[in-house]
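Participant: Prediction below, plus the sequence it came from.
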Amino acid sequence: MIKIILVAGARPNFMKIAPVLRVLRQDYPDRIAPLLVHTGQHYDRNMSGSFFDELDIPRPDYNLEVGSGSHAQQTAAIMVRFEEVCIQEKPDMVLVVGDVNSTIAAGLVAKKLGICLVHVEAGLRSGDRTMPEEINRLATDAITDIFFTTEKHGTDNLLREGKPSEAVHFVGHVMIDNLFYQLEILSKNGPSPEMKRFKAGLPRQYACLTLHRPSNVDRRKDLEPIVQALQDISQKIPVVFPCHPRTRARLEEFGLMSGMREPKDLSMPLEKGLILFPPLGYDDFLYLWKDAAQVLTDSGGLQEETTALRIPCLTLRENTERPVTLEAGSNMLIGRDMDLLRKKVESILAGEFKPSGVPELWDGHASQRIAQVLSAPEVVLPTSRYA
Ligand code: UD1
């Protein structure tokens, strides 16, 4: 038996862990014994708990309950508590996903204990070292033993950085596995009654927005022009905005909430306006954005999910670590050019946008490919293989 600890901590981790865990439990019960650790980086029900129910994730075997803090505090708290779990459980492998603080913290602990480290969604690079996630990606990949990549660029980056080719597996994207699975569930179970009612009141063309990157929201000088542009855009098309707690706090602090509507004011018609929701569960949000005319975002995952469903996506960032979404997919970088944002929103409304396709291996079966590699008899690598 191979004992694997899977680690999830922040909202974008849960949808990546869910399909991997499902496949390991269903298809390899005699070969792999998975354990789930939730670091507690995200803890609000709408940022964490609801995802466990909706995404069919079993209760975690351990919840480290680290909560919020500075990067150092959060990373250190995860490391101290996760080390105890590893010492007690003695896993053969630790599997981390994505690029959040939980990813690097758990990775460092595993490697220092000589445990084989597996990174799902490895090799992505934005080239922007001011982004905390870029540091997490570089540092995690520097100590990873088995790499799973979502796009060929990820593989190329790792090989360029000198990783051995036999350790790098291009498997497609587990987040797209989860997306397809959840679309099926949604078509059977439907969204919450409140969301169903809300969407029924929207016109055919509406936009969805998410915004939470520190580089967009933490300083007034960055956030204010974005909010101004969004106010203008929302006079043409309603913009539905489930708001991350970090962003909500900054909007309030900078006094930028005027004119934004909350669901409780929704007795008014929904033909236009910026409509602010608290963070939504996965299914309710999917139910909204899957039929949106366009998505505006600074999230990494949503650039990919919109690509998978070919929905025009305007990304409020200067760069992306997911270039396949620009080349093959429906994503476009806007950077800080708010006039470009206004222009592109109008073009999409007029039915003009680049043709887009779905990237290679984004077919809903990445988790199976990962499980196959992990379950192979020769998979447990000697530690410090290329230290
Ligand atoms: C983290 C990830 C980011 C990811 C995002 C998705 C890192 C470095 N960043 O950013 O890559 O895109 O998650 O959501 O790991 N908060 C709450 N409730 C919660 C969690 C957070 O209110 O359940 C608030 C707290 O004020 C906290 C702040 O949000 O201080 C930031 O949370 P944190 O986990 O540090 O980073 P995110 O911005 O969520």
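Facilitator: Everything's here; your move.
Participant: In contact with Leu211, which residues?
Facilitator: Neighbouring residues of Leu211 by Cβ atoms under 8 Å, 6 or more residues apart in numbering: Val217, Ile226, Phe241, Cys243, His244, Thr247, Leu296, Thr297, Asp298, Leu316. Glycine gets a C-beta too; all of them are placed from N, C-alpha and C.
Participant: can we see that at 10 Å?
Facilitator: Shown in contact with Leu211 (Cβ atoms under 10 Å, 6 or more residues apart in numbering): 217, 223, 226-227, 230, 241-244, 246-247, 250-251, 296-299, 316.
Participant: wait, Ile87 sits on Ala110?
Facilitator: No - the criterion here is Cβ atoms under 10 Å, and Ile87 misses it with Ala110 at 11.4 Å.
Participant: what's near enough to touch Ile143?
Facilitator: Ile104, Gly107, Leu108, Ala110, Lys111, Lys112, Leu117, His119, Ser384, Ala387.
Participant: ok, the residues you listed vs the ligand, which is closest?
Facilitator: Nearest to the ligand, judged by Cβ to the nearest ligand atom, of those is Ile104 at 8.6 Å.
Participant: ok, and the closest non-adjacent residue to the closest one?
Facilitator: Asn136 (4.4 Å; Cβ to Cβ, 6 or more residues apart in numbering).
Participant: what's around the one you found, how many residues?
Facilitator: Asn136 has 22 neighbouring residues, counting by other Cβ atoms under 10 Å.
Participant: And it, how far from Ser126?
Facilitator: 11 Å (Cβ to Cβ, to the nearest Å).
Participant: Identify the contacts common to these two.
Facilitator: Joint contacts of Asn136 and Ser126 (Cβ under 10 Å, 6+ apart) are Asp99.
Participant: and the residue nearest to Ile104, helix, strand or coil?
Facilitator: helix (DSSP: H, G, I helix; E, B strand; the rest coil).
Participant: list the contacts for it?
Facilitator: Asn136 sits in contact with His71, Thr75, Val96, Gly98, Asp99, Val100, Asn101, Ser102, Thr103, Ile104, Ala105, Gly107, where contact means Cβ under 10 Å, 6+ apart.
Participant: rerun that using 8 Å as the cut-off
Facilitator: Taking Cβ under 8 Å, 6+ apart as the test, what Asn136 contacts is Asp99, Val100, Asn101, Thr103, Ile104.
Participant: quick one: it and the ligand, what's the gap?
Facilitator: To the ligand, Asn136 is 6 Å away according to Cβ to the nearest ligand atom, to the nearest Å.
Participant: got it, and Pro312?
Facilitator: Distance from Pro312 to the ligand, by Cβ to the nearest ligand atom: 21 Å.
Participant: That residue: neighbour count?
Facilitator: 24.
Participant: how much space between it and Ile57?
Facilitator: The value you get for Pro312 to Ile57, if Cβ to Cβ is used, is 30 Å.
Participant: now Val379
Facilitator: Counting by Cβ to Cβ, the gap from Val379 to Ile57 is 24 Å.
Participant: just Asn46 next, same as before
Facilitator: Taking Cβ to Cβ, one finds Asn46 at 15 Å from Ile57.
Participant: phi, psi of Cys208?
Facilitator: Note on Cys208: backbone dihedrals following degrees, to the nearest 10 are phi -110, psi 140.
Participant: whoops, I mixed them up, Leu64
Facilitator: Dihedral angles (degrees, to the nearest 10) for Leu64: phi -80, psi -10.
Participant: what about it, neighbour count?
Facilitator: Leu64: 24 neighbours (other Cβ under 10 Å).
Participant: In helices, which of the contacts of Leu211 appear?
Facilitator: Val217, Leu223, Ile226, Val227, Leu230, Arg246, Thr247, Arg250, Leu251 (DSSP state H).
Participant: re the thing from before, and Ile87 and Ala110? which has more neighbours close in?
Facilitator: Legend: neighbour count by other Cβ under 10 Å for Ile87 and Ala110, higher for Ala110 (27 against 10).
Participant: OK, contacts around the closest residue to that one other than its chain neighbours?
Facilitator: By the measure of Cβ to Cβ, 6+ apart, the closest residue to Ala110 outside its immediate chain neighbours is Val94, 3.7 Å from it. By Cβ under 8 Å, 6+ apart, Val94 lies in contact with Ile4, Ile5, Val7, Cys86, Ala106, Gly107, Val109, Ala110, Ile115, Cys116, Leu117, Val118.
Participant: where in the stretch 51-200 of the chain is pLDDT low?
Facilitator: The model of the stretch 51-200 of the chain has no residue with pLDDT under 70.
Participant: And the strands in it?
Facilitator: With DSSP state E, counting those that start in this stretch applied, the stretch 51-200 of the chain shows strands at 62-63, 93-97, 116-120, 146-149, 168-170, listed in chain order.
Participant: Include distance to the ligand when you put those strands into CSV, please.
Facilitator: Listed next are the strands of the stretch 51-200 of the chain as CSV, based on distance: least, Cβ to the nearest ligand atom, whole Å:
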stretch, distance to the ligand
strand 62-63, 13
strand 93-97, 12
strand 116-120, 15
strand 146-149, 18
strand 168-170, 23
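Participant: Phi first, then psi, for Ile275.
Facilitator: The phi/psi pair for Ile275 (degrees, to the nearest 10) is phi -110, psi 110.
Participant: So for this structure, the centremost residue is which one?
Facilitator: By Cα atoms, centre = their mean, the chain has its centre lying nearest to Pro12, at 3.3 Å.
Participant: pretty sure that residue is touching Gly98, no?
Facilitator: Yes - if you go by Cβ atoms under 8 Å, Pro12 and Gly98 touch, sitting 5.7 Å apart.
Participant: hang on, the earlier thing: out of the contacts of Ile143, what pair is the most spread apart?
Facilitator: Taking Cβ to Cβ as the measure, those span a maximum distance of 18.3 Å, between Ile104 and Ser384.
Participant: returning to what we had before: that's a helix at the residue nearest to the centre of the chain, yeah?
Facilitator: Yes - Pro12 sits within a helix when classified using three-state DSSP.
Participant: relative orientation of the helix ranked longest in the chain and strand 93-97 in degrees?
Facilitator: In the chain, with assignment by DSSP H, the single longest helix is helix 71-89. Orientation check (axes from the mean of the first three to the mean of the last three Cα atoms, to 10 degrees): helix 71-89 against strand 93-97 gives 150 degrees.
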